[in-house]
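Participant: Return atomic coordinates for the entry below.
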Amino acid sequence: TSTRNDNLNVKIRKRKLKVSSPVSRSSQQINDSLEDFPVSIIPGIQTVYIKTWGCSHNNSDGEYMAGQLAAFGYQIADQRKNADLWILNSCTVKTPSEDHFRNLVEAAHNDGIPVVAAGCVSQSRPGVSYLDGVSIIGVHQIDRVVEVVEETLKGNTVRFLATRKSNGRKMGGAPLDLPKIRKNRFVEILAINTGCLNQCTYCKTKHARGELGSYPIDELVDRARIAFETGGPGFDSQSPVVELWLTSEDLGAYGKDIGVTLPDLLWRLLDVIPSWGRLRLGMTNPPYILEHLEDISMILNDDRVYKFLHIPVQSGSDAVLSDMKREYTVEEFNKVVEFLKSRVPKLTIATDVICGFPTETETDFQRTMELVKRHRFPSLFINQFFPRPGTPAARLPRINTQEVKTRTRRITELFRSYETYTDQIGCRYNVLVTDISHDGRFYVGHNDSYDQVLLPSHPEYMGNFVKVEIIEVGKHFLKGKPIEIINKCIKLESHETINSDYYRNFIISLVLCLLFYITLKISPFIYNGFL
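Facilitator: Residues are numbered from 1 along each chain as shown. Have a look, this model is predicted:
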């Protein structure tokens, strides 16, 4: 049974009402008196703007909040200038993202716009001065967003920050059967757990998301099945998704709190993913994926699973990894990468590195450079160290800022110095098209390795598989020449994609066989008729 132990802080701004004599009042006096009565707030008719920073987990939370508000009647605005209230869904990983969040909070105050703060910054640091008087909805309480918005529009400050628990155990978060408004109607982002088991010295997210809390397998499988069948709550029954993204702070740690494992979940999910659906795994840290390499390699080889995995290494130095409390060695990271690449053809490994961690020496940095040279990652997220308030690393003496920038530039130049797609010219792939490029010039699809493939913007491609021939490559993309559309709606018993030529030929053959059978049956009667 779910229990609520909410950290609720409601502040009501009381308005003073003028009391006037009921006799002989001018119309101007009546108007002056009416202006002092509280403005009537009719919930569900206002327009709300939602801005999200950060990871796919945060984006999923934003989609759930938008879905609940829309279901209650609120309009969701694309532009903040058209909104009556802003929900700012924050990220605490990097200082710049928190700066942007703070700037928008202050801009709302200056414009007299009510604000609801959400996400990891407001969860981990609700007491910062720029959030004074601001309503907050915690990362574990997003199913109560309608309550928070209603109270905020009335002029009240409401804060729900408690961790959601059941029978004393931390839960994965809000219920999974909530309505959503997806930013991408073809993609279901499914958070399988929240929090983690690590204590990384530089990380602020742990302060917000807390210890590991996993959703039960049955709940996750039900959400995935419904998303592929109908799109899920709040969606038209003819709008199923075609991709499922699994997300969390650490995918590999899933289930350790409830006695199951990540492979247990993945095998069950494959039971409900149709032949035309695709599954993308999210970020996993090396320690926990090490336990499941055999199963993970088998799962990644399924035709419905993208051959893609995001495994952050952060540093190529064991000394720095120890200071970060990352709980693995460079050798263990190499084992994960090399085992999976040996078992999964054309596997894409993405990783992250932090430049300028306080204890990183030039020798440590050189080891990170060597690691990048060894694996030639096609996707590398390069981050400068930012001291996050309240973390152990923030108390350490910092490396000179200019040196940090120099190291960042050096590893960026190394990453740009090699090409990973030059051998792809002329290759043919079936790509699933689900998005539009940032400049709006192309549609974006992905092949089995989750490489980004750009196509011409033809509406019939969206949501479908398209066979393409690669005619151009760049550092981060392939450009494809479309050959044919492959019907995604054909559901096969096997997990192989069927193309339109095969399907057309099959139908023609069936019709010819039927005609031949009819001819054999009626030919004796035709012959007797002639006689």
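
Participant: so which helix or strand takes in residue 149?
Facilitator: Assigned by DSSP states H and E, residue 149 belongs to helix 145-153.

Participant: Beyond that helix, next helix or strand please.
Facilitator: Next element after helix 145-153 (DSSP H and E): strand 156-157.

Participant: so how far is the helix or strand just after that next one off the chain centroid?
Facilitator: As assigned by DSSP H and E, the chain's next helix or strand after strand 156-157 is strand 159-160. Taking CA atoms, centre = their mean, to the nearest Å, one finds the center of strand 159-160 at 24 Å from the center of the full chain.

Participant: Pull up the pairing partners for the helix or strand following strand 159-160, direction included.
Facilitator: Note on strand 159-160: by DSSP H and E, the next helix or strand toward the C-terminus is strand 165-166. Applying DSSP bridges, strand 165-166 is found paired with strand 2-3 (antiparallel), strand 169-170 (antiparallel).

Participant: Could you tell me the least trusted of those strands?
Facilitator: Mean pLDDT is lowest for strand 2-3 out of the strands paired with strand 165-166, coming in at a mean of 38.

Participant: CA atoms of stretch 336-345 as PDB?
Facilitator: Taking Å, rounded to 0.1, in the frame of the first residue of the first chain, the C-alpha atoms of stretch 336-345 are listed here in PDB:
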ATOM      1  CA  VAL A 336      32.900  -4.400 -20.700                       C
ATOM      2  CA  VAL A 337      33.500  -2.600 -24.000                       C
ATOM      3  CA  GLU A 338      35.700  -5.300 -25.600                       C
ATOM      4  CA  PHE A 339      33.500  -8.200 -24.500                       C
ATOM      5  CA  LEU A 340      30.300  -6.600 -25.900                       C
ATOM      6  CA  LYS A 341      31.900  -5.500 -29.100                       C
ATOM      7  CA  SER A 342      33.300  -9.000 -29.700                       C
ATOM      8  CA  ARG A 343      29.800 -10.500 -29.200                       C
ATOM      9  CA  VAL A 344      27.600  -7.800 -30.800                       C
ATOM     10  CA  PRO A 345      28.600  -6.900 -34.400                       C
END
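
Participant: what comes up buried for that stretch?
Facilitator: 336, 337, 339, 340, 341, 344 (16 or more other CB atoms under 10 Å). All C-beta atoms are positioned from the backbone trio N, CA, C, and that covers glycine.

Participant: Which SSE is immediately downstream of whichever strand or helix holds the fifth one?
Facilitator: By that I understand residue 341. If you go by DSSP H and E, residue 341 is part of helix 330-343. Remark: after helix 330-343, the chain's next helix or strand is strand 348-355, criterion DSSP H and E.

Participant: Now do that next one: everything it contacts.
Facilitator: In this structure, residues lying in contact with strand 348-355 by CB atoms under 8 Å, 6 or more residues apart in numbering are 202, 307-316, 324, 337, 340-341, 365, 368, 372, 375, 377-385, 404, 407-408, 411, 449-451.

Participant: What are the neighbouring residues in contact with residue 239?
Facilitator: Contacts of residue 239 (CB under 8 Å, 6+ apart): 185, 230, 231.

Participant: Roughly how far does the residue lying closest to the last one once chain neighbours are set aside sit from residue 175?
Facilitator: The shortest distance from residue 231 to any residue that is not its chain neighbour, by CB to CB, 6 or more residues apart in numbering, is 4.0 Å, and that residue is residue 239. Residue 239 is 21 Å from residue 175, where distance means CB to CB, to the nearest Å.

Participant: Then residue 475?
Facilitator: Taken as CB to CB, the span from residue 475 to residue 175 is 42 Å.

Participant: Flag the shaky bits of the protein, pLDDT-wise.
Facilitator: 1-41, 232-238, 487-531 (pLDDT under 70).

Participant: one more time with 90, if that's ok
Facilitator: Counting by pLDDT under 90, the ranges of the chain that qualify are 1-45, 54, 81-82, 92-96, 162-174, 204-210, 230-240, 486-531.

Participant: Let me see the contact set for the residue nearest to the spatial centre of it.
Facilitator: With distances taken as CA atoms, centre = their mean, the residue of the chain nearest its centroid is residue 56 (2.0 Å). Residues near residue 56 by CB under 8 Å, 6+ apart: 189, 245, 247, 282.

Participant: show me where the stretch 401-531 of the chain has helices.
Facilitator: 401-417, 500-530 (DSSP state H, counting those that start in this stretch).
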